[in-house]
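Novice: Predicted model and sequence follow; I will ask about them next.
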Amino acid sequence: MRKKLNDKTTISNLRVNTARFVLTVLLSSTAFKMNSIDSLANTNDTVISLEKETIYISEIIYNSQNFDDVEVMTLAESDEVLIRKLEHIYQYGYDAATDTKINTSFNITTGNKTYESLPPDDFILFQAVVAAESNGTLHDALAVASVILNRAIDKRWVDSANNLGLEGENPSKGQIKHPGQFSVYLDGKYEYYLNENNVPEDVKIACRLAWYHGIKSTDCTSFLGNSAVDCPGLQVVDGGNRYYNRLEKFDEDKTIVDQIVGPINKVNDNVKQKIKVVE
């Protein structure tokens, strides 16, 4: 059963009855094949929140409408729903659907670079590697996907791949194929997941949101497995990978202060080194 969001997740009988009437009408005009709202009241897909005076039904996002002080959501697009759902989950640090605690050091960011213009084979490889490197959950898969995509915009990783003759800004041809980086690519474990039927559904969702919608949950560029207990990185969920090494963007993405202070620090370091040598 899906757990309630908080202790205030009860709502007055009047509001419930009003909501049931409105939602029954709304649902009757959608693709849902349900006889009445009562069929949803006790399922694990129903969440009623008094704090926001909102009724959420199933995994679909709804556009807000108000009826007798009850905010009811009408049907909207599924990926849009998933994104909003993830934003809520990461804000509160808890995924009620799976009873999973989320590390609040991770957060959902939108508007990141997307890769829909790249060939389908690039996405297939990306998805296979994410499936092989993650623990199969939506949250760990999204973090792995974020790391791969972060490397494709990180100056260090892009330059390193370009120097090897790879396409540094291509997550698949540049970063995944970068020698010595992703163990599942090196040992071939990713090949099992080139067959989409072998990819867990949550991994498919994470990869789709990251690749095509620019959704990320971390700005890290590296991770080690769950067993690497000495790694200083953080896990997004228990049993997941440990993420570390923050993103370093290109100079044009940095502030004016960063662009000035960075070179000055390098000069100071060189001076200190020369003084040390002389001493």
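Specialist: Yep, that arrived.

Novice: element containing L142?
Specialist: helix 138-151 (DSSP states H and E).

Novice: low pLDDT regions in the protein?
Specialist: 1-77, 251-279 (pLDDT under 70).

Novice: Check whether the closest residue to K189 other than its chain neighbours sits in a helix, strand or coil.
Specialist: Spatially, and ignoring its direct neighbours in sequence, K189 is nearest to A132 (4.8 Å; C-beta to C-beta, 6 or more residues apart in numbering). Just so you know, the C-beta spots here come from the backbone N, C-alpha and C atoms, and that holds for glycine as well. Look at A132: counting by DSSP: H, G, I helix; E, B strand; the rest coil, its state is helix.

Novice: so what's A132 up against?
Specialist: V184, K189, Y190, Y192, Y193 (C-beta atoms under 8 Å, 6 or more residues apart in numbering).

Novice: tilt between the helix or strand that contains Y212 and helix 138-151?
Specialist: Taking DSSP H and E as the definition, Y212 sits inside helix 201-213. Relative orientation of helix 201-213 versus helix 138-151 (axes from the mean of the first three to the mean of the last three C-alpha atoms, to 10 degrees): 30 degrees.

Novice: Packing partners of helix 201-213?
Specialist: Helix 201-213 makes packing contacts with helix 78-92, helix 120-133, helix 138-151 when contacts are defined by 3 or more C-beta pairs under 8 Å, 6 or more residues apart in numbering; DSSP states H and E.

Novice: Let's have those helices in a markdown table, adding distance to N197.
Specialist: Supplementary listing: the helices and strands packed on helix 201-213 in a markdown table, determined by distance: least, C-beta to C-beta, whole Å:
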| stretch | distance to N197 |
| --- | --- |
| helix 78-92 | 21 |
| helix 120-133 | 11 |
| helix 138-151 | 17 |
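
Novice: Spit out the contact partners of W157.
Specialist: R151, G168, Q175, H178, T221.

Novice: Which strand or helix spans it?
Specialist: Per DSSP H and E: helix 155-163 holds W157.

Novice: separation between L194 and R246?
Specialist: 31 Å (C-beta to C-beta, to the nearest Å).

Novice: Which ones among the contacts of W157 map onto helices?
Specialist: If you go by DSSP state H, the contacts of W157 have R151 in helices.

Novice: Looking at the contacts of W157, point me to the pair that's furthest apart.
Specialist: Farthest pair in these (C-beta to C-beta) is G168 and T221. Separation: 13.0 Å.

Novice: Next, count neighbours for the nearest residue to T104 once chain neighbours are set aside.
Specialist: Once flanking residues are discounted, T104 sits nearest to G93: 4.4 Å by C-beta to C-beta, 6+ apart. Residues near G93, counting by other C-beta atoms under 10 Å, number 13.

Novice: I figured G93 was touching T100, is that so?
Specialist: No: G93 is not in contact with T100 according to C-beta atoms under 8 Å; the separation is 9.8 Å.

Novice: need the contact list for T110.
Specialist: Counted by C-beta under 8 Å, 6+ apart, T110 has contacts I83, H213, G214, I215.

Novice: err, G233, not the other one
Specialist: C220, S222, F223, L224, N241, R242, Y243, Y244, N245.

Novice: is the fourth one in a bridge, and if so with what?
Specialist: Think L224. Under DSSP bridges, the beta-bridge partners of L224 are R242.

Novice: Just give the number of residues close to it.
Specialist: 15.

Novice: Ok, the first one next?
Specialist: If you count neighbours by other C-beta under 10 Å, C220 ends up with 24.

Novice: Single out the most deeply packed of the helices and strands packed on helix 201-213.
Specialist: Among those, helix 138-151 has the highest mean neighbour count (mean count of other C-beta atoms under 10 Å), at a mean of 27.

Novice: between that helix and helix 155-163, how many degrees?
Specialist: 60 degrees.

Novice: Make 23 the starting number, not 1.
Specialist: Sure thing, new numbering starts at 23, so read that last one as helix 160-173.

Novice: Can you name every helix or strand that helix 160-173 contacts?
Specialist: Using 3+ C-beta pairs under 8 Å, 6+ apart as the contact test, the elements touching helix 160-173 are helix 142-155, helix 223-235, strand 242-246.
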